[in-house]
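Colleague: Provide a 3D model corresponding to the input given below.
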Amino acid sequence: MKPSLLDGVVVLLVSATLVVGNSVDGMFTLPPHPRIRVLPGDIETIRQNIQKYAEAQTYFQEMQSYGDSLLNMSVVDCHRSGVENSLLSQARSVLDRTYTLGLLWRLSGNVTYAKRAIVEMLHVCGSSCIDWNPSHFLDTAEMMHAVGVGYDWLHDVPTEVFSSADRMTIENGMVEKGLQAAATNWQNGEFTTAYNWNLVCNGGMIVASLTLMDSTNESHATLAKSIYANATERIRLSLLVSYGQDGAWPEGPTYWGYATKYALVAIETLLSATSSDQGLSMASGFNTTGLWNIYDTSPSLQKYNWGDSDSDGNDEFVPNFVGLARRAHADTATASVYGWYGRTVFSRSGELGCEHAGCALQLIDFSPEGSETDMDALPLCKSYTMTDDSWDNHTAIGYIRSDWTRGGVDSFYLAFKGGNGQANHNDVDAGSFIFEMQGQRWAVDLGADSYGLPGYFHKSSAHGARYSYYRKSTRGHNTLTFNGDDTHPGWSCQDDMTVAPIDAFNCTAAEGTDATTAAAGTNDLGTYPPNATPYGIVNLSPVYRKQGGPEPPQPPIASVKRGFAAVQKFQRLLVVDEWDAAGADNVTWSMHFAGAVVNIAADGRTATLARSGATIHATILEPALGTVAGEAIGFSVVTPYIPPPQNPVKDLQKLIVTVSPRTVRRLVISFSDTSAPPAPPVINPLAEWGLAGVVGAQTE
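Modeller: Okay, here's the model as predicted:
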C-alpha cells in the first residue's frame, strides 16, 4: 500500500540560521535546509495544492508511482558514454532521482524514498565515480545540481538513516568533483559565454555553493562562497543579454528549454536561499520568453526545430512554463497563459512526464491560473528580434497562424526565419520555412545530426566542417541555392559570416487595397481584419553577395529577397522569390518533405502531396509560362544525397525547381488546400507589398 500524502509525516529537524558574507551583495541571511528552490513553507503550499487542485493531485500520484519504480533501479553507470563520451545522461538520471525521491520524502515522510536517493548520491560522490567529467563541464554542473538538491532536501533525514559519515562522503564529493573542478575551469576562462553553457554551468554551481555555504568544514564553506560570488556574477552575462528584447533564444527551441530550465534553477535558488535573485528575473525579454516558445510550437504540437533542435512540442522542458508563471515578472495575462499552457501540455504525457523530474517541477511551481480563453487572446502572428552574435536586434524569425486551436486539422501555421551562421547551434538557413495545413506538416526542417560528426561545431562551409553536412547546409533547407547541388557539398552554402534579417513583417496588409488604411505597421493582431494578408519579407542579399566556393557567381549576386504571405483566408501560402543574379548559372528552389506521396502533373507546373488523408497542391504561378527562353520550368522530386556517417532521414524527399537566373528573375510558388479558390491572378512585387498589398488588381 502506498503511503498517503499526510500519513506518517515525520518531524523534520532544522539547523540554526547562519549569517554569511556575500562578496557580491554584502550580507544575507542563509536559512536552514531545505533552501534550494523550496523552503519549509513552500512544501506546505505544495501539500495544500495537492489537496485543493485535481491536477496537482494527479501530479503527486503519478510522481509517487514513478518514484516507486525508481526504488528498484540500479544506480547510474559512471562510465562515460554517447557520441560525446560524456556523463550527461547519467547526471540527468541522478537529477531526476534526487528531485523525485527527495520531494516524495519531504511530502510523505517515507524514508524509503530518502534511502534510495542517498544510495544514488553516495554512489556518484564516492569512489565509483572517479570524477564528474569536468572536461565537458555541463556534466559536472548537472551533477552538482542533482547532488546539491538531494543533499539539501534530505538534510533533515534522521541520522540513523542518513549518517554523519554518509553526509561527509557526499559533501566531499560535491567539493572535490564539483566546486574544485569549477575553480580550475574558471582559471581557464570558462563560463562567460552568453549561451546555454553559461546558464547551466553557473546554475549548477549556484545550487552546490548555496548548499554547502554553511558547512562546518571551513575550507569547504570558503570555497563555496568564492564559487557563489563568481557564478552569480557570470550568469548575468548570459541571462541579461541572450533573451534579447522579445524573449527569443538564439540557439533554437531545444536549447531555449535547457537554458531557461537553468535560469529558473538559479533564480529560484537565489530567492529561496538569499531572498533576492539579484535582478535576474527582471532581465530584458525574460518575462515574455515563454511566449516565443509557444509561437514556435505549431497546431500539431511540433516545434519549428531549426538549428540543432528537435520537433517534439511536449519535451522535458514543459515545466519551464509554470516556473515562468511564478518567476518571470510577466503581466497577469501572460502569466495566465504560462500557467494554462504548462498544465495542459504536460497533462498529455501521463506518468512518463515524471521523467526528468517533470512531476516534481510541476508541483514546485504549480500554477492554477489561466484558461484556454487566455491562450486564444494571444496575437495570431508575431515576429521576434535577436541580440547575440551580430543579430543586433534585427528581426530574426516570424510566425503566422490562423488560430490557436491545438491539434486542429483546419489550422494554418507558417514559421520562417532570417539567418546567422555565427550564432551557436545555428545553420546557414536564411529564408527557410516550415508550414502546416490540414493537420500535417508539409515542409520540414531536419534539425540536428550526430554531435559526434567530425567538425560538427566548427562554423565553416569547408569540407568536414559544420556547414558541409547536409542538415546544416543551405542545400539541406527550404530555401535557395545558387550554382550548387546536393552532390557538391559545402560550396553552395550561404555566407556563414553574414546576417540576413527579416526586413518586413505585417499582419494587416489587405489584399488589393492600400495597407495604410488597415493599420499598416502593426505587427501583432489577435484577429485579422477582413481580407487581411499577413506577410513577411526576408532580405537574403547579404548572405548571397559573399557566397564563396570554387566557382562563385561572377559578377556577384546583387540582390535576393523572399516573401511569404497567407492569402484567401489561409487556404493558400505564397512563397515569392526575387533576385538579381545574372552571374549565376542556376538557382534552385527547394522544399523538404517526408512521408508524403507526390504526384507531378504532366506539364510540371503542379505537384500534389498527400499524406494521412490530407492533400495539398504546390503550383508554380510565376513564371506564368512553362517555358522561358527555351528552358522548361517545372517541379521535380529528388532524394537528398546524405552520405554516411551522417544520419539518414526516413522517407525524405525534396521538391525542387531549377531555373536560370539570367532569364528568370522572379519565382512565385503557392501551396493550397483542396478547397482553395483559384489563385490570385496578380501577385505584386515584394517592394509594393507594404503599400499596395500582396495581391494586385487584374488588368485587362
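Colleague: Going by C-alpha atoms from here, please, whenever you check contacts or count neighbours.
Modeller: Will do.
Colleague: so Asp262 touches Ile206, yeah?
Modeller: If you look again at residue 262, you'll see it is Tyr, not Asp. No: under the criterion of Cα atoms under 8 Å, Tyr262 is not in contact with Ile206, lying 10.3 Å apart.
Colleague: Could I get the contacting residues of Thr588?
Modeller: Contacts here follow Cα atoms under 8 Å, 6 or more residues apart in numbering; on that basis Thr588 touches Leu480, Thr481, Phe482, Gly484, Ile656, Val657, Thr658, Val659.
Colleague: which intervals of the stretch 101-250 of the chain have sub-threshold pLDDT?
Modeller: Low-confidence segments of the stretch 101-250 of the chain, defined by pLDDT under 70: 187-190.
Colleague: contacting residues for Arg356?
Modeller: Heads up, residue 356 is His, not Arg. Shown here is His356, whose contacts under the criterion Cα under 8 Å, 6+ apart are Arg92, Ser93, Leu95, Asp96, Glu316.
Colleague: Over to Thr254?
Modeller: Each residue near Thr254 by Cα under 8 Å, 6+ apart is listed here: Asn305, Asp308, Ser309, Asp310.
Colleague: Report the buried members of the contacts of His356.
Modeller: Neighbour-count burial within the contacts of His356 applies to Arg92, Ser93, Leu95, Asp96, Glu316; the criterion is 16 or more other Cα atoms under 10 Å.
Colleague: Closest one to Thr211 out of these, please.
Modeller: When the buried ones among the contacts of His356 are compared for distance to Thr211, the smallest value, 15.1 Å, is given by Leu95; criterion: Cα to Cα.
Colleague: any idea of the pLDDT on that closest one?
Modeller: According to the prediction, Leu95 has pLDDT 98.
Colleague: ditto for Ser367
Modeller: Model confidence at Ser367 (pLDDT) stands at 91.
Colleague: For my notes, confirm Val207 occurs in a helix.
Modeller: Yes: following the definition DSSP: H, G, I helix; E, B strand; the rest coil, Val207 is counted among the residues of a helix.
Colleague: pretty sure it contacts Met143?
Modeller: No: contact criterion Cα under 8 Å: Val207 and Met143 do not qualify, at 10.4 Å.
Colleague: which residues sit in contact with Pro648?
Modeller: Pro648 sits in contact with Ile642, where contact means Cα under 8 Å, 6+ apart.
Colleague: where's it relative to Tyr470, distance?
Modeller: As judged by Cα to Cα, to the nearest Å, Pro648 and Tyr470 stand 10 Å apart.
Colleague: Would you mind measuring from the closest residue to Gly307 other than its chain neighbours to Tyr641?
Modeller: Of all residues not flanking Gly307 in the chain, Asn426 sits nearest, at 4.4 Å (Cα to Cα, 6 or more residues apart in numbering). Relative to Tyr641, Asn426 is positioned 21 Å away (criterion: Cα to Cα).
Colleague: So which of the two has more stuff around it?
Modeller: Taking Asn426 and Tyr641 together and counting by other Cα atoms under 10 Å, Asn426 has the greater number of neighbours (25 against 15).
Colleague: give me the element the more buried one is part of.
Modeller: Using DSSP states H and E, Asn426 sits within no helix or strand.
Colleague: quick one: it and Ser309 touch, right?
Modeller: No: distance between Asn426 and Ser309: 9.4 Å, which falls outside the contact criterion (Cα under 8 Å).
Colleague: Common neighbours of these two, please.
Modeller: When contacts are counted by Cα under 8 Å, 6+ apart, the set common to Asn426 and Ser309 consists of Gly252.
Colleague: Quick check: phi and psi on Ser559?
Modeller: With angles defined as degrees, to the nearest 10, Ser559 shows backbone torsions of phi -160, psi 140.
Colleague: give me the number of residues near it?
Modeller: Residues lying near Ser559 (other Cα under 10 Å) number 16.
Colleague: Quickly list what it is bridged to.
Modeller: Assessed by DSSP bridges, Ser559 has beta-bridge partners Asp580.
Colleague: doesn't Lys546 make contact with it?
Modeller: No: at 11.3 Å, Ser559 does not count as touching Lys546 under the criterion of Cα under 8 Å.
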